[in-house]
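Engineer: next input, structure requested:
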Amino acid sequence: MRTAALMALIALVPLVACQPPPVTALPEEIHPSSLRPPSDFGPDVMLRQRVTASWQGREESFDAVLQKQGGRLVLLGLSELGVGFSLVFEHGQITLDNRTGRELPFPPSFILMDVQRVFFPWCGDERTAAFRRCKAADGTFEIAESWKGDDLSSRSFHWADEPSRVVIQYDPAWPGSRVPRRAVLVSERFGYTLTIETLEVQLLD
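Structural biologist: Okay, here's the model as predicted:
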């Protein structure tokens, strides 16, 4: 799909539903951390992707478009007919428009938190070593990163009161960006794996 078509899909997200889509309050009780404002993270970008989710012996794949612009984060799950579902995170709320005819395999907050974990910086831009650690702003978990040159090779999230982790392995980034060509996230606590292949990177003004 060409970049102009992707931008058109993003622009139509607020208009696609015949009725106003439901707004879901962030369910912090079902996730060990809360979503951060998209404005906290790096430059504005749009990514075309292929996502494969594996859990409990099941596997599903779909094409997706991810856009971060200012304080707004949008994820589109695409189908042959256009947008199958859209998730919009803005002003501390998640708006879900699901046209797939069935529930998503994971709650919206799970999906968007994993997007943030995989693609956004957590330990700042200053890097002086091949390995570094930092703590979340609220101190509830720790992040560890390994780097090979300018490429992030792994990132993991650790909780003091929880032995399981979230672990992400990265392929090298697309030239001119820090977006990995491929990332594999394993949630030890919830027992699922996400494989995200980024097929196109578009930096936004």
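
Engineer: every contact and neighbour count from this point should use C-alpha atoms.
Structural biologist: OK.

Engineer: where do the helices of the chain begin and end?
Structural biologist: Along the chain, the segments classed as helices by DSSP state H run 3-12, 108-119.

Engineer: residue 182: what's it in contact with?
Structural biologist: Contact criterion Cα atoms under 8 Å, 6 or more residues apart in numbering gives 170-172, 195-198 as the residues in contact with residue 182.

Engineer: 10 Å instead?
Structural biologist: Residues in contact with residue 182, defined by Cα atoms under 10 Å, 6 or more residues apart in numbering, are 49-51, 169-174, 195-199.

Engineer: re earlier: the helices of the chain: lowest mean pLDDT?
Structural biologist: Within the helices of the chain, the stretch with the lowest mean pLDDT is helix 3-12, showing a mean of 46.

Engineer: name the residue closest to the centre of this protein, please.
Structural biologist: In the chain, the C-alpha closest to the average C-alpha coordinate belongs to residue 115, at a distance of 1.0 Å (Cα atoms, centre = their mean).

Engineer: thought that residue was touching residue 51?
Structural biologist: No: contact status for residue 115 versus residue 51: not in contact, 11.1 Å apart, counting by Cα atoms under 10 Å.

Engineer: now for these two: what residues contact both?
Structural biologist: Overlap of the contact sets of residue 115 and residue 51 (by Cα under 10 Å, 6+ apart) consists of residue 196.

Engineer: now residue 189: closest residue in space that isn't a chain neighbour?
Structural biologist: Closest residue in space to residue 189, ignoring its immediate chain neighbours: residue 164 at 5.2 Å, by Cα to Cα, 6 or more residues apart in numbering.

Engineer: same check, this time on residue 197
Structural biologist: Beyond its immediate neighbours in the sequence, the residue positioned closest to residue 197 (Cα to Cα, 6+ apart) is residue 182, lying 4.4 Å away.

Engineer: for the nearest residue to residue 70 once chain neighbours are set aside, give its distance to residue 115.
Structural biologist: Leaving out its chain neighbours, the residue that sits closest to residue 70 by Cα to Cα, 6+ apart is residue 39, at 5.1 Å. Distance check for residue 39 against residue 115: by Cα to Cα, to the nearest Å, it reads 14 Å.
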